[in-house]
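Asks: A predicted structure for the sequence below; I have some questions about it.
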Amino acid sequence: MNSRVKAALTKCFAGQGIIVLPGLTVLIGITATEFLTLLTSGIENTPERSIRGAVVGLLLSVSLAIGLRWASTSLGAFLAILYFGFWDGGLFLWLVFSLIIFSVFAATVDSRIIRNWFLVLVLVWMGQYGVRAGDDAILLVALVPLSVLSFVLARIIFNLRERNLNAVQLMEESREQNRVAIELERKNIARDLHDIVAHDITVVAMQSKAAKFANSGQAAMDAIDIIAKLSTETLHDLRLMLNVLRTDGTMSDSSGGSADKPAATTVYAVQGLQIFSQRLKDSGFSVTSHTDEKISELPRSAQTALYRVMQEATTNIIKHGKREGSCDLRLEISGSNAILEMTNQIPKSKPIKGDQPVGGIGLIGMRDRMNAFGGRFNAEVVDGQWVLTASIPF
């Protein structure tokens, strides 16, 4: 079936359309038999009941069709037809079907006021019908229970349907929230893996080169010691991260405590500045640093974010900074913000815009971390130096 046809049918039979369209089919079918009689026999030879049935059936069909757009207008038109078109049992078939159809239709209206007024006016009509219809008043024995039963059952079914639709909607919203949470968690995991592995592997690579070209055995041994320490820390950090992902805890580090605290798990900002200053010194940079001890008053999560920014910035300095150049690391409180500023020299032989990967995953991750805390992040070249600034509300 054509997708447009499917969409059109779904739209037509959605909501109250599933009541209006079948109801129209019934009313038009009954009315069509009267029009057929009228056309076959002619107006002069057609009984008055058939003419009246054709007119009333046509009005009922039009009134119900209006319900596809305006429910209250449709119900109002039906009540008018009910009061002025049915005063005896001559059109009993139309009366029964129209009462059932419009009672079901009224039960699906959202407005409680409209539903209540419909019921009141139908009951009033039944009262006056019992007075005017004479012997036909006995038909109320069938009309009253049919109308009430139709309304009540339709209301129950409609409420169940609404609850089901709400439950489905909540499930869809829950699935979407889970999907977003999973994507966010994947992003966080990728960012943390990048921060841990990229930093330590970069330092290991640089120290490996330093050991290879060392002029003395002691310098080579110092580089190898740094490589060994970082390798142990990286392995431990990866085990901790994998343990978080494994609910059974099978990846936990059972080797016992290490003499050296893993850099990636020591997520206090003040200690982080000391650790990464030393890393830069070990990599041959001239480092100056300043730390405001009030930084330790920041929430642990904010300190972790600043720690990760320092970690990634240190990686970038080691990879892209001027060999044996100067670096300045500052972590302090300024007004209502905790500010991290890291400055390093860049090689003059490289194009300025190519010195740092402004659009790389590392800088994107740092910016995301600051944005998560309502902070700011900026990295740019200023007077031949790479200046990185990150701030978090204190």
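Replies: Looks like it arrived, so ask away.

Asks: Domains in this protein, by residue range?
Replies: The record's domain parsing of the chain by automatic domain parsing lists 3-132, 266-394.

Asks: Could you name the stretch from those domains that's closest to L184?
Replies: Among the domains of the chain, the nearest to L184 by Cβ to Cβ is domain 266-394 (10.0 Å). Quick note: C-beta positions are derived from backbone N, CA and C, even for glycine.

Asks: Measure how far that closest one is from the centre of its chain, please.
Replies: 33 Å (Cα atoms, centre = their mean, to the nearest Å).

Asks: Can we start the residue count at 56 from this point?
Replies: Okay, residue one is now 56; in that scheme the one you just asked about reads as domain 321-449.

Asks: returning to that earlier point: how about TSV for the domains of the chain, with mean neighbour count added?
Replies: TSV is the format used below for the domains of the chain (neighbours: other Cβ atoms under 10 Å):
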stretch	mean neighbour count
domain 58-187	16
domain 321-449	18
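
Asks: Can you lay out those domains as a markdown table showing mean pLDDT?
Replies: As requested, the domains of the chain are exported to a markdown table (pLDDT from 0 to 100):
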| stretch | mean pLDDT |
| --- | --- |
| domain 58-187 | 82 |
| domain 321-449 | 83 |
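
Asks: As TSV, these with distance to Q232 would be great.
Replies: Listed next are the domains of the chain as TSV, based on distance: least, Cβ to Cβ, whole Å:
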stretch	distance to Q232
domain 58-187	26
domain 321-449	18
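
Asks: so which of those domains gets nearest I256?
Replies: Among the domains of the chain, domain 321-449 sits nearest to I256 (Cβ to Cβ), with 8.9 Å.

Asks: Okay, the residue nearest to S351 when sequence neighbours are not counted and I244: tell me how far apart.
Replies: Once flanking residues are discounted, S351 sits nearest to V325: 5.4 Å by Cβ to Cβ, 6 or more residues apart in numbering. Distance of V325 to I244, computed by Cβ to Cβ, to the nearest Å: 26 Å.

Asks: F331 too?
Replies: Distance from F331 to I244, by Cβ to Cβ: 22 Å.

Asks: how about the strands in this protein?
Replies: 341-346, 381-389, 392-400, 431-437, 440-448 (DSSP state E).

Asks: helices and strands around the longest helix seen in the chain, which ones?
Replies: With secondary structure taken from DSSP state H, the chain has its longest helix at helix 195-248. Packing partners of helix 195-248 (3 or more Cβ pairs under 8 Å, 6 or more residues apart in numbering; DSSP states H and E): helix 147-162, helix 167-187, helix 272-300, helix 416-427.

Asks: average pLDDT for it?
Replies: Helix 195-248 comes out with an average pLDDT of 84.

Asks: what angle sits between that helix and helix 167-187?
Replies: 170 degrees (axes from the mean of the first three to the mean of the last three Cα atoms, to 10 degrees).

Asks: tell me how far helix 195-248 is from the chain's mean position?
Replies: Worked out by Cα atoms, centre = their mean, helix 195-248 lies 16 Å from the chain centre.

Asks: quick one: it to helix 147-162, angle?
Replies: 30 degrees.

Asks: Just want the angle from helix 195-248 to helix 416-427.
Replies: 130 degrees.

Asks: picking up where we left off before, save the helices and strands packed on helix 195-248 as TSV, and put in distance to G84 too.
Replies: TSV is the format used below for the helices and strands packed on helix 195-248 (distance: least, Cβ to Cβ, whole Å):
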stretch	distance to G84
helix 147-162	10
helix 167-187	24
helix 272-300	64
helix 416-427	64
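
Asks: All set now, cheers.
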